[in-house]
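J.: Just to be clear, the model below is a prediction. Sequence and coordinates:
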Amino acid sequence: REYTSSDDSRMIDWKASKRANKVLIKQFNEERSMNVLFLFDVNDSMIFGSTKKLKNVYAAEFVASLAYAMIQSDDSVGIATFNKDIVRFSLPLGGLKQYYNVLNIITDLDLYGGEYNLTKALEFAMRSLSDGAVLVLVSDFIGVRDDKWSELLKICGEKFQLIGVM
């Protein structure tokens, strides 16, 4: 774009300015295609609520809205639903087709229910994601039975950008 007096003179593109016969500056757009994985808890305790909506409905709405915003920002979004096992998994991808895939997964009522194993879910995330990815853990954290999960959570926090949502 054309240079203004408020611009930093170090950003002047001299070659482009010579071709255009006016002073132009380099303008950069941030390109940050991040990989985001939602680790979404679908165990029995998520199918409960003392308000108008169940916990899993609030969680699904949260994941859907955040996934949409991230896909609009050109980030890749994936999801892994878990109870005592990984129930469904979709690799992080971009585009509206992936958004609809995430919606189909979180609204599939057959996936909900079962026991809880956070340790297995965290181990899966560590195997599936590359360093620096964003891991969004959505759970009520009810039913944690072993001590290994806290150590795995620390490791995930060092390896990924970890966001826990309760």
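T.: Great, that's in hand.

J.: distance from the centroid: which residue in the protein tops it?
T.: The outermost residue of the chain relative to its centre, with distances by Cα atoms, centre = their mean, is residue 21 at 45.6 Å.

J.: what's the spacing between that one and residue 9?
T.: Using Cβ to Cβ, to the nearest Å, one gets 18 Å for the distance from residue 21 to residue 9. Placement of C-beta: from N, CA and C, glycine included.

J.: Secondary structure element for the residue most central in space within the chain, which one?
T.: The residue lying closest to the centre of the chain (Cα atoms, centre = their mean) is residue 36, at 3.2 Å. Element membership for residue 36, per DSSP states H and E: strand 35-41.

J.: Could I have the CA atoms of the very next helix or strand once past that strand written out in CSV?
T.: As assigned by DSSP H and E, the chain's next helix or strand after strand 35-41 is helix 55-72. Provided in CSV are the C-alpha atoms of helix 55-72 (Å, rounded to 0.1, in the frame of the first residue of the first chain):
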residue,chain,number,x,y,z
LYS,A,55,-24.1,-30.5,30.5
ASN,A,56,-23.4,-32.1,27.2
VAL,A,57,-25.7,-29.6,25.4
TYR,A,58,-23.8,-26.6,26.9
ALA,A,59,-20.5,-28.3,26.0
ALA,A,60,-21.6,-29.1,22.4
GLU,A,61,-22.8,-25.5,21.9
PHE,A,62,-19.4,-24.3,23.2
VAL,A,63,-17.5,-26.6,20.9
ALA,A,64,-19.6,-25.8,17.9
SER,A,65,-19.3,-22.0,18.3
LEU,A,66,-15.5,-22.2,18.9
ALA,A,67,-14.9,-24.6,16.1
TYR,A,68,-16.8,-22.3,13.7
ALA,A,69,-14.7,-19.2,14.8
MET,A,70,-11.5,-21.2,14.4
ILE,A,71,-12.4,-22.5,10.9
GLN,A,72,-13.3,-18.9,9.9
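
J.: Go through helix 55-72 and flag the buried ones.
T.: 55-60, 62-64, 66-67, 70-71 (16 or more other Cβ atoms under 10 Å).

J.: Could you do stretch 9-26 as well?
T.: Residues 13, 23, 24, 25 are the ones in stretch 9-26 that count as buried (16+ other Cβ under 10 Å).
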